[in-house]
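Chemist: Quick one: sequence plus predicted model below, questions after.
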Amino acid sequence: MINSSHILCIGAGYVGGPTMAMIAARCPHLKVTVVDINEARIAAWNSDDLPIYEPGLDDVVRAARGRNLFFSTDIAGAIRDADVIFVSVNTPTKTFGQGAGFAADLQYWEKTARQILAHSTRDKIVVEKSTLPVRTAQAMERILSGNPTGLRFEVLSNPEFLAEGTAVKDLENPDRVLIGGHDTPGGRQARSIIADIYRTWVPRDRIIESNLWSAELSKLTANAFLAQRISSINSISALCEVTEADIDEVAYAIGTDSRLGPRFLKASVGFGGSCFKKDILNLVYISRSYGLNEVADYWESVVTINQWQQARFVRNMLANMFDTVAGKRIALFGFAFKADTGDTRESAAIGVARQLLAEHAHVVINDPKALGRVKDDLEGQADDVECEKDPYRAALGAHAIAILTEWKLYQELDYERIFDSMEKPAFIFDGRNILDHRPLFSIGFNVFAIGKAPLKHF
Ligand code: NAD
Ligand code: UGA
């Protein structure tokens, strides 16, 4: 009988770190270790300056670290000690070979499976926490069962649904915890061991058990549906701009239909983040590989609309700034892919900055948490970019401001002061619809928002 007193997570990233910190904080009777091949990341988890910014995370880590939560690079030793191993390594889109640009790159995943096999000396439960193509658990089982020692590995899928910026809240109070496993005595026992861990703080009726493949596919499907809502509202935003309908009014009106609900209907410059695009492309690849081309095309269009929305935003800037931004100072307010995170993976701001730089604009970027990412994310063009910690200084002498991340601080700025310091005519392109546009127009700005009629003085 496998017990669950020693928990290990392989991969100390945005998912591994916060999820394990929460388990350790809520379950003081369990020992939780998180390992990673990235030594700097582990050192940061052991310091006062955690490697990721998440509201509330410092307190959760501080409550458990050194008591029953440990961060380490001793992967072999930690595997030997563990009863339950969560695997939360990265699963990016493949950039080479078959399926390049669509399929998941499973090299980190497979390496982990082989490491588990190499260092295990007793039976274990292995839990997929990473987001994986449906039926990946089967490959994991095949690798793990290829052992001459006769050890038994029960593979489960427990996908993570937290969103960055609200990770702590999402983990404390999840809509649901999904645990997929085989309907065999071993599978049922393993599922109930994992369910017992979550039951410490998650209500029983929010813990859903299913078969392995349903759990794997539910994760991809959830992300695809969420992203689809954003692309749907963004597609309508373009129609609003030419018909003088207002996208926020349309979103509110449809969101009051209880069958649709109000969330994830905020039109924007486009969704970013490490997962939506990757997971949809993965779904597209799987569908095509089963010959389901119509299904693949349907989901691929969600990504296509997102790219179009980003490109459309820059086209709109250019068209309204007299078809040239060459040599013009343009302040980008926000670089993170959403507010309350320092993460910039697939951020719309990267594409917008790159397109403006290609037009020879002088780009100045402000962001309260993500400025450290600018050099790497804009590699090849970074020398032409200025990073500025103070939004007022970023806007000084600028022709335009583009709001790219919905940080609350951008709603609280003194826009009269900003207007006075800018070149005229002064433009605001609100890619997040977070500002109050009429007063800005009255100050003198030309205001262009997503899905709204422009407010122009000329
Ligand atoms: P991440 O890149 O932040 O972290 C992954 C970590 O795994 C890295 O630190 C990397 O060094 C480590 N790693 C890779 N191979 C390893 C190995 N062999 N041994 C030890 N460590 C290894 O990624 P993330 O954002 O935490 O995402 C992890 C998974 O969770 C992905 O599949 C992702 O799709 C999924 N997910 C992410 C989020 C999110 O909000 N970021 C939410 C839900 C699900
Ligand atoms: C998303 C999902 O919300 C999580 O459930 C999932 O676990 C996670 O992906 C994952 O698998 O990684 P995340 O990407 O962290 O979480 O953040 P979201 O809040 O979903 O935002 C994604 C992007 O969509 C952001 O760029 C955000 O600004 C944008 N967005 C979101 C909109 O443009 N409009 C909206 O109405 C909502």
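Modeler: Great, that's in hand. Ligands and ions are numbered 1, 2, ... in the order given.
Chemist: from here on, contacts and neighbour counts on C-alpha atoms
Modeler: OK.
Chemist: Spatially nearest residue to the residue in the stretch 101-250 of the chain positioned nearest to ligand 1 (excluding sequence neighbours)?
Modeler: Ranked by C-alpha to the nearest ligand atom, the top residue of the stretch 101-250 of the chain for proximity to ligand 1 is S130, at 3.5 Å. Spatial nearest neighbour of S130, chain neighbours left out: S88 (4.6 Å); criterion: C-alpha to C-alpha, 6 or more residues apart in numbering.
Chemist: now do I193
Modeler: Distances taken as C-alpha to C-alpha, 6+ apart put S4 closest to I193, at 6.9 Å, once the chain neighbours are dropped.
Chemist: Same question for N68.
Modeler: Using C-alpha to C-alpha, 6+ apart, the closest residue to N68 is K31 (4.7 Å).
Chemist: ok now do that neighbour, which residues does it touch?
Modeler: 5-7, 24, 68-69 (C-alpha atoms under 8 Å, 6 or more residues apart in numbering).
Chemist: show me where the stretch 101-250 of the chain has helices.
Modeler: 107-119, 136-145, 167-172, 185-199, 212-243, 247-255 (DSSP state H, counting those that start in this stretch).
Chemist: which stretch in the ones you listed is the model least sure about?
Modeler: Across those, helix 136-145 has the smallest mean pLDDT, namely a mean of 88.
Chemist: re earlier: tell me which element the residue nearest to I193 falls in.
Modeler: Using DSSP states H and E, S4 sits within no helix or strand.
Chemist: and L440, how many neighbours?
Modeler: Look at L440: counted by other C-alpha atoms under 10 Å, it has 18 neighbours.
Chemist: List the residues that contact it.
Modeler: 415, 446-447.
Chemist: Which one of those sits in the busiest neighbourhood?
Modeler: V447 (24 neighbours).
Chemist: Report the contact partners of the residue nearest to T256 when sequence neighbours are not counted.
Modeler: Excluding the flanking residues, the one nearest T256 by C-alpha to C-alpha, 6+ apart is P262, at 6.3 Å. Listed by C-alpha under 8 Å, 6+ apart, the contact set of P262 reads 251-252, 254-256.
Chemist: thinking W109 is in contact with T91, fair?
Modeler: Yes - if you go by C-alpha atoms under 8 Å, W109 and T91 touch, sitting 7.2 Å apart.
Chemist: Going by distance to R114, which of the contacts of K31 wins?
Modeler: Closest approach between these and R114, by C-alpha to C-alpha: I7, at 18.3 Å.
Chemist: Go ahead and flag the most central residue of this structure.
Modeler: G273 (3.7 Å; C-alpha atoms, centre = their mean).
Chemist: I'd assumed G342 was in contact with that residue.
Modeler: No - G273 lies out of contact with G342 (C-alpha under 8 Å); the separation is 10.9 Å.
Chemist: Start and end of stretch 235-253, how far apart?
Modeler: Distance between the boundary residues of stretch 235-253 (C-alpha to C-alpha, to the nearest Å) amounts to 16 Å.
Chemist: Would you mind pointing out the helix or strand I365 falls in?
Modeler: Using DSSP H and E, I365 sits in strand 362-366.
Chemist: E141 and D376: what is the separation?
Modeler: Here the criterion is C-alpha to C-alpha. By it, E141 lies 37 Å from D376.
Chemist: ok, now R67?
Modeler: For R67, the distance to D376 (C-alpha to C-alpha) stands at 36 Å.
Chemist: So for the two, which sits in the more crowded spot?
Modeler: Just comparing R67 and D376: by other C-alpha under 10 Å the higher neighbour count belongs to R67, 14 against 10.
Chemist: what's the nearest residue to N293 if we skip its chain neighbours?
Modeler: S287 (6.6 Å).
Chemist: any idea which helix or strand carries that neighbour?
Modeler: Element membership of S287 [criterion: DSSP H and E] is helix 276-289.
Chemist: neighbouring contacts of that helix?
Modeler: Contacts for helix 276-289 (C-alpha under 8 Å, 6+ apart): 92-93, 99, 101-104, 131, 133, 220, 223-224, 227, 293, 295-297, 299-300, 303.
Chemist: Would you mind naming what in the stretch 51-200 of the chain lies close to ligand 1?
Modeler: Contact residues, the stretch 51-200 of the chain versus ligand 1 (C-alpha under 6 Å from any ligand atom): 88-91, 108, 111-112, 130-131, 160-164.
Chemist: From the residues you listed, list just the buried residues.
Modeler: The neighbour-count test (16 or more other C-alpha atoms under 10 Å) marks 88-91, 112, 130-131, 160-162, 164 as buried among those.
Chemist: Within reach of ligand 2, which of the residues you listed are there?
Modeler: Restricting those to those near ligand 2 - C-alpha under 6 Å from any ligand atom - leaves 160-162, 164.
Chemist: Of all pairs in those residues, which one spans the longest distance?
Modeler: Between any two of those (C-alpha to C-alpha), the greatest distance is 11.4 Å, for E160 and E164.
Chemist: mind showing which ranges of the chain have poor pLDDT?
Modeler: Scanning the chain for pLDDT under 70 picks out the ranges 1-2.
Chemist: What residues does it have near ligand 2?
Modeler: 160-164, 223, 230, 264-268, 270-273, 275-276, 337-338.
Chemist: that older thread, residues touching the residue nearest to I193, list them.
Modeler: So S4 contacts 30, 83-84, 193 (C-alpha under 8 Å, 6+ apart).
Chemist: okay if I get the residues you listed as CSV plus secondary structure and neighbour count?
Modeler: CSV is the format used below for the contacts of S4 (DSSP: H, G, I helix; E, B strand; the rest coil; neighbours: other C-alpha atoms under 10 Å):
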residue, secondary structure, neighbour count
L30, coil, 18
D83, coil, 20
V84, strand, 26
I193, helix, 17
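Chemist: now the residues you listed as a markdown table including distance to L281?
Modeler: Listed next are the contacts of S4 as a markdown table, based on distance: C-alpha to C-alpha, whole Å:
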| residue | distance to L281 |
| --- | --- |
| L30 | 37 |
| D83 | 34 |
| V84 | 30 |
| I193 | 33 |
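Chemist: Of the contacts of K31, which belong to strands?
Modeler: 6-7, 69 (DSSP state E).
Chemist: Can you get me a residue count around the closest residue to ligand 1 within the stretch 251-400 of the chain?
Modeler: Closest residue of the stretch 251-400 of the chain to ligand 1, C-alpha to the nearest ligand atom: C275 (5.3 Å). Neighbours of C275 under the rule other C-alpha under 10 Å: 19.
Chemist: next one: A253
Modeler: Neighbourhood size, A253 [other C-alpha under 10 Å]: 11.
Chemist: same check, this time on D257
Modeler: Neighbours of D257 (other C-alpha under 10 Å): 10.
Chemist: So it versus R263, what's the distance?
Modeler: 11 Å.
Chemist: Let me see the contact set for L8.
Modeler: Contacts of L8 (C-alpha under 8 Å, 6+ apart): 32-35, 78-79, 82-86.
Chemist: how much does whichever strand or helix holds V352 deviate in direction from strand 362-366?
Modeler: Here V352, judged by DSSP H and E, is contained in helix 348-358. Helix 348-358 runs at 160 degrees relative to strand 362-366, counting by axes from the mean of the first three to the mean of the last three C-alpha atoms, to 10 degrees.
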